[in-house]
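> Just a sequence and a predicted model for now, questions to come.
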Amino acid sequence: MGRHDITALRFVEDALSGEEVQALVAYHLADMQRHSPADKVHALPVTALRRPDVTFWSAWIGEAIAGICALRHLADDHGELKSMRAAPEWRGHGVGEAMLVHLLSEARRRGYARVSLETGRTEPFHPAVGLYRKHGFVPCPAFADYVIDDFSQCLTLDLSGRA
């Protein structure tokens, strides 16, 4: 297995107690703060990722953390993708897509009719938006407490009728 071979990627439902996981959450928050207006940072800190309506996973290759991701329960038919972040050394190697596929599989298992997310419109967010669109996400009205504006956009994926 090569240094960036993700075929052995494994997902662990995680209580966010490990140092590597907490460090990647902190990195994600800091990066969102660097690229977003203060009132538009919707990334969740460790305490919020531990809420009962959020399921959090860490993604590992061997003993190395490769990424983090979460799924928030909004309603019986609606979930929200949260805190997707590949570790810096794994960016561009398919970890983000593997995490998205994992979250979509879990959303289908839960019976959600759709999953949605909020993200930025600026250049730092373009790779993630491209990944979401590749998997069929389309723009949608604001949901939950989000507000669509020049910085923020909401995307959704209809899972009803999709295998």
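Perfect, thanks for sending it.
> For Ala113, give its distance to Leu29.
Applying Cβ to Cβ, to the nearest Å, the value for Ala113 to Leu29 is 30 Å. Yep, even glycine has a C-beta here, placed from its N, CA and C like the rest.
> Kindly report the same for Thr47.
Distance of Thr47 to Leu29, computed by Cβ to Cβ: 12 Å.
> So for the two, which residue has more residues nearby?
Under the criterion of other Cβ atoms under 10 Å, the comparison of Thr47 against Leu29 puts Leu29 first, with 17 against 8.
> How far off centre is the strand or helix carrying the more buried one?
Taking DSSP states H and E as the criterion, Leu29 maps to helix 19-35. Relative to the centre of its chain, helix 19-35 is centred 13 Å away, using Cα atoms, centre = their mean, to the nearest Å.
> how about the spatially most central residue of the chain, what does it touch?
Centroid check for the chain by Cα atoms, centre = their mean gives Met84 as the closest residue, at 2.6 Å. Residues in contact with Met84 (Cβ atoms under 8 Å, 6 or more residues apart in numbering) are 67-70, 96, 99-100, 103, 128.
> mind exporting stretch 45-64 as PDB, just the C-alpha atoms?
This file holds the C-alpha atoms of stretch 45-64, laid out as PDB (Å, rounded to 0.1, in the frame of the first residue of the first chain):
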ATOM      1  CA  PRO A  45     -16.300  22.500  17.800                       C
ATOM      2  CA  VAL A  46     -15.800  19.200  19.600                       C
ATOM      3  CA  THR A  47     -18.500  19.900  22.200                       C
ATOM      4  CA  ALA A  48     -21.100  20.500  19.500                       C
ATOM      5  CA  LEU A  49     -20.000  17.400  17.500                       C
ATOM      6  CA  ARG A  50     -20.800  15.400  20.600                       C
ATOM      7  CA  ARG A  51     -24.500  16.400  20.600                       C
ATOM      8  CA  PRO A  52     -27.000  13.600  20.400                       C
ATOM      9  CA  ASP A  53     -28.300  14.800  17.000                       C
ATOM     10  CA  VAL A  54     -24.700  14.500  15.500                       C
ATOM     11  CA  THR A  55     -22.900  11.200  14.500                       C
ATOM     12  CA  PHE A  56     -19.200  11.800  14.000                       C
ATOM     13  CA  TRP A  57     -16.700   9.500  12.200                       C
ATOM     14  CA  SER A  58     -13.000   9.600  12.000                       C
ATOM     15  CA  ALA A  59     -11.400   8.000   8.900                       C
ATOM     16  CA  TRP A  60      -8.100   6.100   9.200                       C
ATOM     17  CA  ILE A  61      -5.500   4.500   7.100                       C
ATOM     18  CA  GLY A  62      -3.500   2.200   9.300                       C
ATOM     19  CA  GLU A  63      -2.700   4.300  12.400                       C
ATOM     20  CA  ALA A  64      -2.900   7.600  10.500                       C
END
